[in-house]
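Novice: pasting the structure only:
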């Protein structure tokens, strides 16, 4: 059944080519229906049993093994199907039948990345998802070199990933290890190849995310891609690298992840600051959001490499949150561009007066991006900053606050530059948001608000991550002095009691401290007493929110 | 010892290649009997009909290893895979034969193709130096003629160039064989394992032998003839050379590595070979970047691809041989698929191999463009193709054999090759800058069959790689 999530869009995309070239409307509706059907199927397949078919057995075992679970894979599959579906509803391009078919291929490949439970299968989809984007850039983008830059950058990373996968497979004997951890089916690669193998994975993930200084393909690509595809690429495809760091990096290479942390922290912080500062100076609307992505994703890198379960929970929340608001932003910017025939902030202005609904949509997306409490961006940022601080990285946490201020500046600049101010006389006057555009945006806005109010379900990290964080004590010890007897915990600032309970219970379960504690029992304890005594083992001291 | 007494089983082992040779004769006989207008069609049909029993006979030999003619020709798993590749490639070449020479030359072309294939099959099974040379020369003589088949002046240049350079390489090889015979006192490959009478003669002999072989495989730096000859030869001959010559020479190389080189000296004696493979992977792909003609592009691509296959043999592990065989089969389908697409683009007086005949193909002929994209993705090693699976297996076996540096070179070479291959995809799908000249196409159903079969094979091999398990014992 889980294979259906990949094969469904793939076959549907191929079948679209059987329609006549003129059947643009039906093709689009069919494609959107397929994407939303995938969304609903993914909801129904939560915790469905894995499916596995043997691929080959020598020189190492590789399986067509897919699983969904209820954790980060599940949420990312929901995100990709939702974003693709919404984007398809409002796709308006020449040769639309071919375009929506490529969108479905992209959906299939991205879903494949997140459901793959075999590293080689993951690598296959990781490379495969480049091809539809490349073809879209070639066929529908402007005649620039961005397609080449996109492909060569990402494929170089993909080939590094491939070599690392092969080497890992040879040493471990099997690549069917996603969702397990060292000791449980995976080998800690300790020989001389270890650092190289990890470097291969890390390079691919850093390029894909992207992180400074490997980001130079991104602004051009985002600027040149048509809005529906850039929404999908920015929202989901760029998360493949972060996802890889979490499910492959943390699980299989904890030691090397730990060793690489200082470098990653520096790269993440530079991305944060550099992206935020450059976003402030851009004139092109899409480039502003592109550089803001660089900044936001740098924050997630910090979260992952702080080896703190709160930060990790925040990373998962923020991965989804960033997907939601960046997809919404790119769709809205696409509508502005198609209406006004420009993306230049200098040309635009005063649209809000005649387009109140468009302005309203943009303000919600922009506020989510700048981290307004109550919207999804805030929940993730708060958890990440709390976690990074708790892990002992005080200065990085402090520096990471600066781009949040910058985000407010560039997002408000973007909004004011397009919507506020006097009307520009020579801009074309076009109708406000249509009902279809509103319909496409509704699920995204609902999700943005819902996640802002209640991030709990996401912060409950799956057993897979429980392994991940608990697996290597070496990753965790910080603040060990505070851990003698336990930590008394009350509500964290900015979170409701309910949310705090969710987060805490997740952390508690992640840290694997209590033999008897399950997620639900911890949650019930906390809600009953409004406080929780966490009997900490020494190296788990960081997993609390103390207040 | 009665030297010239051979039993039926000896002859049975070589029946498939005799079937091809006799079919070649039959093609010439039929050519005399039928009217001029249908000569090409009849020659193609007779050739195809002859290939089928050859394939069936090969299948029948599976699992029945025979060492025929006193160990001069060995059949069984290893040989059969290569012989199968050769026959299948010949069948595909015959599908493209509409691009071969004038109407009245077609029969001669088909006959020469079949004889060349029989020579390559002899190489695949050859287990002594004389048989190797016999097969090689049968193949080469056929190719000298075939290269000159097109009526262009470039064709004659190609033929002459190939004749001179290939003869020189054959000379090197023959001299190497003579020295090996001098050093060991035997022409049997198996005898090379024994301690030689003269270590110096032995080493020089192996070096010269490998040079000749590297020329036939067009490994860098013995590759310079390849692009010119590929470009000048008719399209179907180029397709044939790119697979059959390489399969034959690779079979010899593999048998040499696994059966002839004494294990104690393997690392030292064969080290130059891995360096040649590394050079081929890099230089072949770098040179491919600049090509604007599909035949030259595929020539350079073939140089790099054979580098990948030789890299799989590094360390001479049993698994490596299986992956090399897997990759040569995958390469055959990807390469012949690409050639079949080019054949479908060819018009009278224009072979369709220039880059410009691909411009705008994505909108003009979407199915053909999709198929070409698929083959190019395969050659570039991208999923979901046999090229992807083949490459991961080669990477794994190189790492496994302790040649991680070769795997690293392979990845770098592949990264370079992406631009070379995807450039064609770009041309097909990017919006054309000017008007696109649509030429009068030659109607051709047979290349379509080739395209479809190759596409299915590339996909299936990518998702479900199967290897024969019992090939290695049959090398020796």
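Specialist: That came through fine. Computed from a predicted structure; not experimentally measured.
Novice: OK, contacts around residue 141?
Specialist: Answering for chain A, as no chain was given. Neighbour list for residue A:141: A:147, A:224, A:225, A:226 [criterion: Cβ atoms under 8 Å, 6 or more residues apart in numbering or on different chains]. Using the backbone N, CA and C atoms, a C-beta is placed for each residue, glycine as well.
Novice: my bad, chain B
Specialist: Residue B:141 touches residue B:119, counting by Cβ under 8 Å, 6+ apart.
Novice: I'd like the distance between it and chain A.
Specialist: 40 Å (Cβ to the nearest Cβ, to the nearest Å).
Novice: How confident was the prediction at that residue?
Specialist: Listed pLDDT for residue B:141 reads 94.
Novice: Look up which helix or strand it falls in, please.
Specialist: Per DSSP states H and E: residue B:141 is located in helix B:129-147.
Novice: The closest residue to residue B:26 other than its chain neighbours: how many residues sit nearby?
Specialist: Take residue B:26 and drop its neighbours on the chain: the residue closest to it by Cβ to Cβ, 6 or more residues apart in numbering or on different chains is residue B:46, 5.7 Å away. By the criterion of other Cβ atoms under 10 Å in any protein chain shown, residue B:46 has 24 neighbours.
Novice: when you compare where the biggest helix by length in chain B runs with where helix B:129-147 runs, what's the angle?
Specialist: Under DSSP state H, the helix in chain B containing the largest number of residues is helix B:153-184. Helix B:153-184 runs at 170 degrees relative to helix B:129-147, counting by axes from the mean of the first three to the mean of the last three Cα atoms, to 10 degrees.
Novice: In terms of secondary structure, what does helix B:153-184 contact?
Specialist: Packing contacts for helix B:153-184, counted by 3 or more Cβ pairs under 8 Å, 6 or more residues apart in numbering or on different chains; DSSP states H and E, involve helix B:129-147, helix B:199-217, helix B:225-232.
Novice: What's the local residue count around the residue in the stretch 51-200 of chain A positioned nearest to chain B?
Specialist: Per Cβ to the nearest Cβ, residue A:166 is where the stretch 51-200 of chain A lies closest to chain B, at 3.7 Å. Residue A:166 has 33 neighbouring residues, counting by other Cβ under 10 Å.
Novice: relative orientation of the longest helix of chain B and helix B:225-232 in degrees?
Specialist: 150 degrees.
Novice: tell me the centre residue of chain B?
Specialist: For chain B, residue B:243 is the residue whose C-alpha lies nearest the centre (Cα atoms, centre = their mean; 2.2 Å).
Novice: how about the residue nearest to that residue when sequence neighbours are not counted, what does it touch?
Specialist: In space, residue B:243 comes closest to residue B:89 once its chain neighbours are excluded; the distance is 4.0 Å by Cβ to Cβ, 6+ apart. Taking Cβ under 8 Å, 6+ apart as the contact definition, residue B:89 lies against B:117, B:239, B:240, B:243, B:244, B:247, B:332, B:336.
Novice: Rebuild those residues as a markdown table, extending it with pLDDT.
Specialist: Listed next are the contacts of residue B:89 as a markdown table, based on pLDDT from 0 to 100:
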| residue | pLDDT |
| --- | --- |
| B:117 | 96 |
| B:239 | 92 |
| B:240 | 93 |
| B:243 | 94 |
| B:244 | 95 |
| B:247 | 94 |
| B:332 | 94 |
| B:336 | 93 |
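Novice: How about the secondary structure of the residue lying farthest from the centre of chain A?
Specialist: Within chain A, residue A:425 marks the point farthest from the mean C-alpha position, 39.7 Å out by Cα atoms, centre = their mean. Secondary structure, DSSP: H, G, I helix; E, B strand; the rest coil: residue A:425 is coil.
Novice: quick one, phi/psi of it?
Specialist: Taking degrees, to the nearest 10, you get phi -60, psi -40 for the backbone angles of residue A:425.
Novice: Same check on the one 3 residues further on?
Specialist: Recorded main-chain torsions at residue A:428 are phi -60, psi 140, according to degrees, to the nearest 10.
Novice: What is the burial count for the nearest residue to it once chain neighbours are set aside?
Specialist: The spatial neighbour of residue A:428 that comes closest, neighbours along the chain excluded (Cβ to Cβ, 6+ apart), is residue A:340 at 6.1 Å. Residues near residue A:340, counting by other Cβ under 10 Å, number 20.
Novice: Surely residue A:340 is in contact with residue A:349?
Specialist: No: Residue A:340 is beyond contact range of residue A:349, at 9.9 Å (criterion: Cβ atoms under 8 Å).
Novice: Need the overlap of contacts for these two.
Specialist: In contact with both residue A:340 and residue A:349: residue A:427, using Cβ under 8 Å, 6+ apart.
Novice: List the residues that contact residue A:85.
Specialist: When contacts are counted by Cβ under 8 Å, 6+ apart, residue A:85 is found next to A:32, A:35, A:36, A:38, A:39, A:443.
Novice: what's the helix or strand for the third one?
Specialist: Assigned by DSSP H and E, residue A:36 belongs to helix A:24-44.
Novice: Give me the next element, helix or strand, following that helix.
Specialist: With elements assigned by DSSP H and E, the helix or strand that comes after helix A:24-44 is strand A:51-56.
Novice: What is that next one packed up against?
Specialist: Using 3+ Cβ pairs under 8 Å, 6+ apart as the contact test, the elements touching strand A:51-56 are strand A:62-66.
Novice: can you list contacts of the strand it packs on?
Specialist: With Cβ under 8 Å, 6+ apart, strand A:62-66 has contacts from A:2-3, A:6, A:50-56, A:112, A:115-118, A:120-121, A:169, A:174-176.
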